[in-house]
Every structure is written in C-alpha cells, then in structure tokens.
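Got a predicted model here, sequence first, then my questions.
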Amino acid sequence: MAGRAVLLIPHRSDAAGEGALPGDCRRILAIVREADGPVRVRAVGERLGLDASVRGKLEPLRAKMTKLARRPRQQDAL
C-alpha cells in the first residue's frame, strides 16, 4: 500500500451489506451472534485462534470489534 491509509472496514454507506466486509470481520460477527449475551474480546480471540495470553495480540481485535459495533445494522439504515 506504499504509505497510503487503507480502510479495512468500509463505511456503512459505502457497503452494500455484510458481504462487503472482509472475511475475518464476518467471522467476528458470526461469533458474536452465536453468543447468548455480551462477549469478551479474549473469548472471540480464542475462537479465532489468537494467542489470548498476550494482550498485544488482542488489541487489534478489540479495535476491529469496536469499529464493527459502531457500524449501523442494515435494518437500522432502512
């Protein structure tokens, strides 16, 4: 990407739907939806196969989950 910023999670208005998200973001959403209630980043990281014992490995996941949580759901946009 040669020094250019890249938006990995497109803005809601730019995306046709959840299918426009990268595969890892769709996996995160699936894990969260399977849960009975709120989920911890550590639990999602473990399901994704990340080393949850190292906090630095979870921080990028925390950032992705925060961005995904801030995206309006498709039915909210209607």
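Received the coordinates, thanks. Numbering: from 1, shown residues only.

just checking, Val39 touches Ile31?
Yes. Counting by C-beta atoms under 8 Å, Ile31 is a contact partner of Val39 at 7.1 Å. In this view, the C-beta of every residue, glycine as well, is placed from N, C-alpha and C.

Grab the nearest non-local neighbour of Arg42.
Using C-beta to C-beta, 6 or more residues apart in numbering and skipping the chain neighbours, the partner closest in space to Arg42 is Ala52 (4.8 Å).

Likewise for Asp51?
Lys57 (5.0 Å).

so where does that neighbour fall, helix or strand?
For Lys57, the host element (DSSP states H and E) is helix 55-70.

got the buried residues for that helix?
Under the neighbour-count criterion of 16 or more other C-beta atoms under 10 Å, helix 55-70 has Leu58, Leu61, Lys64, Met65, Leu68 buried.

How about the contacts made by the first one?
The contact partners of Leu58, taken as C-beta atoms under 8 Å, 6 or more residues apart in numbering, are Val41, Arg42, Gly45, Leu50, Ala52.

Dump those residues into a markdown table; add pLDDT, neighbour count and distance to Leu21 as well.
Below are those laid out as a markdown table (pLDDT from 0 to 100; neighbours: other C-beta atoms under 10 Å; distance: C-beta to C-beta, whole Å):
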| residue | pLDDT | neighbour count | distance to Leu21 |
| --- | --- | --- | --- |
| Val41 | 92 | 19 | 18 |
| Arg42 | 93 | 15 | 22 |
| Gly45 | 92 | 22 | 18 |
| Leu50 | 89 | 16 | 18 |
| Ala52 | 84 | 18 | 23 |
